[in-house]
Structures are given as structure tokens and as C-alpha cells.
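Asks: sequence-free structure coming up:
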């Protein structure tokens, strides 16, 4: 297996020694573009795309690899922050590319609407999260991109072209999780649901065997469920269950041997829980509970690395036992591992394409070289289960390993050839992972 997460010239030994303008959120990657520009309008965005030979869009920089890098111009979408009023007839909302979930959620709730699902952090952009199939959790909840109903894309010549799931059903599933390869998203339209309340309860010290034996039952206990472990021993340290308050039932007094927490906790037990969303069964609005972290707290930039793999739901027991078999190698580098379920979808480049999935997410200490050496071993033990990596996080797999995992990869490559024949939106990431 070829291992090339980051080219050597892009690594940084200490995030403190470099200009923040050059770095990603975590500080492990330095962008190679010759400059970064922040357009004030979509018209200016179009002009920048038209006038430059190599271009990539840059959102909140929450990717841990070179997916958003370019040898030419990086276009920050930070100032493209318009939110249109909710279309109540269609139950959709349209936002510009720089809008974050945190910016959007309170406005949606004010109008009586909600998103079906959210990621752990509300600080990331809607467009960037959808382009990489970022996700929350829930048996019936697909990744965030499954809410996309319409896209406006700035193409190579600076023209804006609109696509929708209704008008372009043949190619729309290939556009949504586009990896930044097909153009620059200028606007995105999301499907909504009526607003709702959620309460959250945390349970402690669930034996791994109990977690595996009752995995399906545990997932039915909430609208969104997360299992956290540091893999220092064979147990799940915390189970976070987020339940819609309209659902029948109450939080369990006992969860297969795991008892409810009596204090608010951070997923990393040693850290202060204040940045985390409220627990202890206290109800709150959907956007105040579905994320793990509050909007008003800045995420812990530059102290972590992340990797994540998706395995079929039916192989969760074998996959977690495989990870447990190498926990002695994992635990010294690991801050916490989160295990979640995500529903299947039909988006060509989604890691959950046509299969209900379980994600195994690793939050590492900022030890890039050691993590890079470990990732091929993790991928080796997960390979029998056709594990697919998160596109925006660290992984060692390259195009020869990835292509068999994505049945519609050839169709996506045809879209690339049609949308970007000159490689304006191309970069080393796409060459390495897609083979174009």
C-alpha cells in the first residue's frame, strides 16, 4: 500500500512557528497556493475563477489533509454569508457557500424549522461539510449531504450553473459530494424539517462485549447515539444518547451495565466539559443538543489530528474487534475514538453509498509522523470490511485501493472530465485519491 497522506514540503513541525493564514484548522498542513483571496460577492467569486488557471475554494479549513489545496489561487468563502428566508412551501433554505451551521441554525429555528442532522461542530461551513460527506449520527439520519436539494456551481469559465435533484437526477448524486473537484459552490439549498427539542444523557463504562452484543438495541435508544472510548481497555468509556423530547420513553437508569453520568462530561474525560452541549437530560433546541460542542466556544484548534473510517453496519462487531486487537498501538496516540451510525445514501462519492454504515472516528494527539505510520495498520485490519475513509481527514489509501470501494467512481471521473477538462480545480489530492 502506498502511503502519502501529506507531501513532505507541506508538513509543519510546529503550528506556532507559521502564519495562521497559511495553515489549516489543526495546524498540521500548510497550503501551497501562491495567495488566498476573500471575495466580497458571488460576482467577484466568478471573476476570480474565470481569471485564474488553478483555483480551489477554502471554507473553515477543517480538513486535515490537502483536499482544498491548490498550486494557484485559494478562494476563501468567508464573506459569502447570505441566508435566504425559508421557502415554506418547499420546506427548504438556501445559503451562500460561506455560511456555517452555527450561523444558519438559530435563523432556521426562529422561522420554525430545523435540520435533520448536524455534525459534532457547528463551526464548519454547510458547503464544505456536504462536499466531503461529513455527518452526524442516527439510524435514520444520512450524512449532511443527503439534505442537499439544489446546488449552484461556478464552473471553469466563471459561469454559474444550477443543478437540482429533480431536474438533474442522473448526475445530481455525483455532484453533491463533489470533493471540490467540479467547481466552486456558490449557493446550496437544504431540505428542512419542523423544529424540535432534544435531551441528552451520558452513560459510563459500558463493557465492549456488552456494546457489541446490544449494539442495535443501543442505537434505537436515541435519535443520535455516540460511543466514545480511548481503547486503553476493552470498554466504551461514554455513551451519549440524544433523544427527541417528543419521542416516547425516558432515559434509561441502566444501559446494559453502564450507569448514567452524574456530572456533565467532555468526550475526552480529562478535559473541561464547559464547551460541550448540555447533558443530564436537560431539554433544549435541536441545534443546542445535536452537536457535541457549543457554538460560542472556539474549537480546540491545533491540538489534534483526525482520521475516520466507515464500515458496513453488518460488520460492526468484527470491525471493532479488529480495532481492539491493535489497541496497544492505537491508545498511546489517541485522545478519543467515537463510534456512530449513519444511514445509507445514493450519493456516488459518499462513504455511506448504498450501505448503512458505522463510522470509527479517531481524534489523535498532534503527533503527525506517528499517526501516519499507524494509519496503514488500521486500514489493514479494517480492509476485510471494505472500510471507506472520510475524504477530509487523514488516511493512507490511494486511488488503487479506493476505486474498488466506490462503484460509481468511473461515473464521477467522467463528470470530472466534463466539468473540468483542463484541471483548473485539480490538485495532488485528486491525483492521489481519484487518479485524475
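Replies: Everything's here; your move. These numbers come from a predicted model, not from an experiment.
Asks: Can you list the buried residues in stretch 357-368?
Replies: Using 16 or more other C-beta atoms under 10 Å as the test for burial, stretch 357-368 gives 357, 358, 359, 360, 361, 362, 363, 364, 366, 368. Quick note: C-beta positions are derived from backbone N, CA and C, even for glycine.
Asks: Rounded mean pLDDT for it, please.
Replies: Model confidence over stretch 357-368 averages 97 on the pLDDT scale.
Asks: What of stretch 297-306?
Replies: 76.
Asks: Would you mind giving the secondary structure of the residue nearest the centre of the chain?
Replies: Residue closest to the average C-alpha location in the chain (C-alpha atoms, centre = their mean): residue 134, at 2.4 Å. Following DSSP: H, G, I helix; E, B strand; the rest coil, residue 134 is assigned to coil.
Asks: Would you pull up how far the host helix or strand of residue 432 lies from the middle of the chain?
Replies: Assigned by DSSP states H and E, residue 432 belongs to helix 428-433. The gap between where helix 428-433 is centred and where its chain is centred comes out at 19 Å by C-alpha atoms, centre = their mean, to the nearest Å.
Asks: And the residue nearest to the centre of the chain, how far from residue 47?
Replies: Distance, residue 134 to residue 47, by C-beta to C-beta, to the nearest Å: 29 Å.
Asks: ditto for residue 185
Replies: 16 Å.
Asks: Pick out whichever of those two has more residues nearby.
Replies: A side-by-side neighbour count of residue 185 and residue 47, using other C-beta atoms under 10 Å, places residue 185 first with 28 against 14.
Asks: In contact with the more buried one, which residues?
Replies: By C-beta atoms under 8 Å, 6 or more residues apart in numbering, the contact list for residue 185 reads 57, 97, 127, 131, 151, 152, 153, 154, 178.
Asks: In three-state terms, label the closest residue to it other than its chain neighbours for me.
Replies: Excluding the flanking residues, the one nearest residue 185 by C-beta to C-beta, 6 or more residues apart in numbering is residue 127, at 4.5 Å. Secondary structure for residue 127, judged by three-state DSSP, is helix.
Asks: Can you give me the buried ones in stretch 89-104?
Replies: Using 16+ other C-beta under 10 Å as the test for burial, stretch 89-104 gives 92-104.
Asks: And it, end to end?
Replies: Its start and end residues considered, stretch 89-104 measures 19 Å (C-alpha to C-alpha, to the nearest Å).
Asks: Quick one: the strands in the stretch 51-200 of the chain, in order.
Replies: 55-58, 73-76, 92-96, 113-114, 148-154, 160-164, 184-191, 193-194, 197-207 (DSSP state E, counting those that start in this stretch).
Asks: picking up where we left off before, of all the buried residues of stretch 357-368, which two lie farthest apart?
Replies: Greatest spatial distance in those: 357 and 366, 27.7 Å, computed using C-beta to C-beta.
Asks: Now do the longest helix along the chain: which elements does it pack against?
Replies: Longest helix of the chain, by residue count under DSSP state H: helix 368-382. When contacts are defined as 3 or more C-beta pairs under 8 Å, 6 or more residues apart in numbering; DSSP states H and E, helix 368-382 sits against strand 305-312, helix 316-325, helix 327-330, strand 357-364.
Asks: and of the ones you listed, who's closest to residue 85?
Replies: For the helices and strands packed on helix 368-382, the distance to residue 85 is smallest for strand 357-364, at 33.9 Å, taking C-beta to C-beta.
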